[in-house]
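Peer 1: need a structure here:
(one chain, ligands or ions: 1)
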Amino acid sequence: MDTDPAAKPQPYGCLYCATAASFRGETARMPKTCPTKTHLAVVHDPAPYLEPDRHAMMVAADSTPFTEERVLRNRVEELVVFAKARGIEKIGIAFCVSLIKEAQQLGKLLKREGIEAELVCCRVGAIDYSEIDLPKANPDKFAAICNPVAQAKMLNEAKVDLVAQVGLCIGHDLILQEECDAPVTTLVVKDRALDHHPVRALRPTPSATPTETPC
Ligand code: SF4
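Peer 2: Just a heads-up that it's a prediction; the model follows:
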């Protein structure tokens with residue numbers, strides 16, 4: 001490991017790794033630029049996960065993917081199971097107006113599961129583009145901006161325990177995270193071209209077999 005602080009950081013091996021050998025702890029198959037080899041003291045450190053609340057978070061995360069019968073849960077089911085495991089009583093849903101029906105469906109589903117849900121739409125406040133000096137396709141027509149600051153403020157006021165963001169634009173999602181008091185998880189990633197499945201852009205063909213490690 002390079003200990004000279006002035007030295008230029010070397011790229012980590014993950015970009016071109018063909019083995020993903022850290023997954024199985026197979027040191028011999030790790031590339032020589034693998035961070036597990038080059039930065040062992042940093043990356044092989046279990047201590048952060050032994051702090052009680054962090055450990056409880058890890059236990060909850062670990063228990064969400066499968067049912068007791070080892071059937072995979074979808075992400076919405078995981079959100080419910082995770083929230084219950086963490087004692088979360090109220091979830092805020094910051095949603096894109098284009099997904100209002102899905103967000104409302106989520107809110108009703110959470111309520112059926114005994115979890116309070118508070119929804120706030122991205123166009124809340126009805127602020128016109130012109131009020132923040134953004135150009136409009138039709139300057140004479142009203143067009144509401146996305147308003148993640150207000151979404152966060154409303155969810156802060158509602159004292160939600162967790163925020164699930166549903167389809168916010170890239171950038172607006174970052175503002176939401178900056179402004180929310182509660183932690184923010186992403187349930188739906190906006191991808192207008194790919195029906196909110198950006199992973200499809202990362203595979204050779206839309207129907208290609210997933211390549212991710214089955215953790
Ligand atoms: S083994 Fe894993 S951590 Fe190491 S370089 Fe390959 S992908 Fe990265």
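Peer 1: Let me know the secondary structure of the residue positioned nearest the centre of the chain.
Peer 2: The centre of the chain sits closest to residue 186, judged by Cα atoms, centre = their mean, with a distance of 3.3 Å. Following DSSP: H, G, I helix; E, B strand; the rest coil, residue 186 is assigned to strand.
Peer 1: so where's the protein uncertain?
Peer 2: Scanning the chain for pLDDT under 70 picks out the ranges 1-3, 5, 206-215.
Peer 1: need the residues of it near the ligand, please.
Peer 2: 13-14, 17, 19-22, 30-31, 34-36 (Cβ under 6 Å from any ligand atom). For glycine as for every other residue, the C-beta is placed from the backbone atoms N, C-alpha and C.
Peer 1: now, which of those residues sits nearest residue 138?
Peer 2: Distance to residue 138, by Cβ to Cβ, is smallest for residue 14 among the residues of the chain next to the ligand, at 45.6 Å.
Peer 1: Hmm, that closest one is touching residue 37, no?
Peer 2: No: the criterion here is Cβ atoms under 8 Å, and residue 14 misses it with residue 37 at 12.0 Å.
Peer 1: which of the two has more neighbours?
Peer 2: More neighbours surround residue 37 than the other of residue 14 and residue 37, with 15 against 12 (other Cβ atoms under 10 Å).
Peer 1: Disregarding residues adjacent in the polypeptide, which is nearest to that one?
Peer 2: When the adjacent residues along the chain are set aside, residue 37 lies closest to residue 30, with 5.6 Å between them (Cβ to Cβ, 6 or more residues apart in numbering).
Peer 1: Which residue ranges of the protein form strands?
Peer 2: 90-95, 116-121, 162-166, 184-188 (DSSP state E).
Peer 1: now the helices for the chain?
Peer 2: 35-38, 40-43, 52-63, 75-85, 100-112, 148-157, 172-179 (DSSP state H).
Peer 1: how far is the third one from where the chain is centred?
Peer 2: A distance of 17 Å separates the C-alpha centroid of helix 52-63 from that of its chain, computed with Cα atoms, centre = their mean, to the nearest Å.
Peer 1: likewise the first one?
Peer 2: Mean C-alpha position of helix 35-38 versus that of the full chain (Cα atoms, centre = their mean) differs by 26 Å.
Peer 1: measure residue 102 to residue 67 for me?
Peer 2: Separation of residue 102 from residue 67 (Cβ to Cβ, to the nearest Å): 23 Å.
Peer 1: contacting residues for residue 54?
Peer 2: residue 48 (Cβ atoms under 8 Å, 6 or more residues apart in numbering).
Peer 1: Swap in 10 Å and give it another go.
Peer 2: Contacts for residue 54 were tallied using Cβ atoms under 10 Å, 6 or more residues apart in numbering; they are 47-48.
Peer 1: In contact with residue 94: list those residues for me.
Peer 2: 103, 118-122, 124, 148, 150-152, 154-155, 160, 163-168, 172-173, 176-177, 179-180, 184, 187.
Peer 1: before we move on, back to that, between residue 102 and residue 67, which is the more surrounded one?
Peer 2: Per other Cβ under 10 Å, whichever of residue 102 and residue 67 has more neighbours is residue 102, with 18 against 11.
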